[in-house]
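> next one to model:
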Amino acid sequence: MPDPVTGMIVAGSQLIGSSMQASAAGDAASAQGAASQAGIEEQRRQFDEMRKLLQPYTEAGLPALEQQQTLLGLKGPEAEQAAIARLTGGETFKALAQQGEEALLQQASATGGLRGGNIQAALGQFRPQLLSSLIEQQYGRLGGMTSLGQASAAGVGSAGMQTGTNIANLLGQQGAAEAGGILGEAKAYGQLFNLPGQIVGAQIGAGKKPGFGF
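Numbers count the residues shown, from 1 in each chain. The predicted structure is shown next:
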């Protein structure tokens with residue numbers, strides 16, 4: 001038959017061990033929860049940094065798209081006329097128009113056709129053709145900016161979705177750690193509640209009056 005005194009000592013040791021186990025479970029859950037929270041904050045920081053880096057490109061894409069719509073007349077006839085006026089009033093159009101007309105006149109002069117109808121027709125068609133070419137070039141350049149902005153916005157969106165997924169996973173881990181800590185503490189404290197009965201039983205077996213003063 002086991003020694004009652006030894007049983008009391010064992011029960012007391014288990015009491016201390018269960019208390020330590022409950023404390024350790026709480027500490028482990030807190031540590032894991034803190035690690036998950038640090039991961040969440042780092043994910044958010046990285047996403048904010050990426051968004052900041054891509055912001056100039058995403059911001060450049062929207063005005064370019066609006067200018068494309070203007071050149072297509074989608075913003076109304078007045079806006080379209082204003083956009084065309086900016087092209088015809090620009091230094092590029094003026095310089096190309098002057099160079100082109102001078103080249104036509106020089107060619108006509110060399111062939112003796114300055115007074116002919118062909119040179120007048122060519123001069124009359126040159127500026128409209130030049131404007132049409134510049135509009136196409138401008139639209140293409142704006143398209144490059146629009147595509148850049150679209151790609152940057154898509155990159156931010158993709159990063160946002162990935163960040164959201166990562167944070168959701170970390171929140172799940174955080175919740176699991178908290179739940180595990182609560183369950184671990186509950187189990188340990190459950191053992192604590194059972195130990196007084198074991199101590200009393202050990203005291204009775206030792207022929208002592210039940211109590212906790214040993």
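> which is the next helix or strand following the helix or strand harbouring residue 49?
Using DSSP states H and E, residue 49 falls within helix 4-71. As assigned by DSSP H and E, the chain's next helix or strand after helix 4-71 is helix 77-88.
> need the contact partners of the helix or strand following that following helix.
With elements assigned by DSSP H and E, the helix or strand that comes after helix 77-88 is helix 91-110. By Cβ atoms under 8 Å, 6 or more residues apart in numbering, the residues outside helix 91-110 that reach it are 87, 114, 116, 118-119, 122-123, 126-127, 130-131, 134. All C-beta spots, glycine's among them, are computed from the backbone N, C-alpha and C.
> in the residues you listed, find the pair that's most separated.
Farthest apart among the contacts of helix 91-110 by Cβ to Cβ are 87 and 116. That separation is 30.3 Å.
> who's more crowded, these two?
Remark: of residue 87 and residue 116, residue 87 carries more neighbours, 16 against 12, as counted by other Cβ atoms under 10 Å.
> so what pLDDT did residue 65 get?
For residue 65, the pLDDT comes out at 91.
> my guess is it contacts residue 147, does it?
No - at 9.7 Å, residue 65 does not count as touching residue 147 under the criterion of Cβ atoms under 8 Å.
> tell me which of the two has more neighbours.
Higher neighbour count among residue 65 and residue 147: residue 65, with 17 against 13, using other Cβ under 10 Å.
> what's near enough to touch residue 73?
Residue 73 makes contact with residue 80, according to Cβ under 8 Å, 6+ apart.
> distance of it relative to residue 82?
Residue 73 sits 12 Å away from residue 82, going by Cβ to Cβ, to the nearest Å.
> and if you look at residue 91?
Taking Cβ to Cβ, one finds residue 91 at 18 Å from residue 82.
> same deal with residue 119?
Note on residue 119: its distance to residue 82, by Cβ to Cβ, is 32 Å.
> with neighbour numbers in mind, choose between those two.
Neighbours were counted for residue 119 and for residue 82 using other Cβ under 10 Å; residue 119 has more, 17 against 12.
> which helix or which strand is home to the more buried one?
helix 117-205.
> tell me the pLDDT of residue 114.
Looking at residue 114, its pLDDT is 60.
> cheers, nothing more for now.
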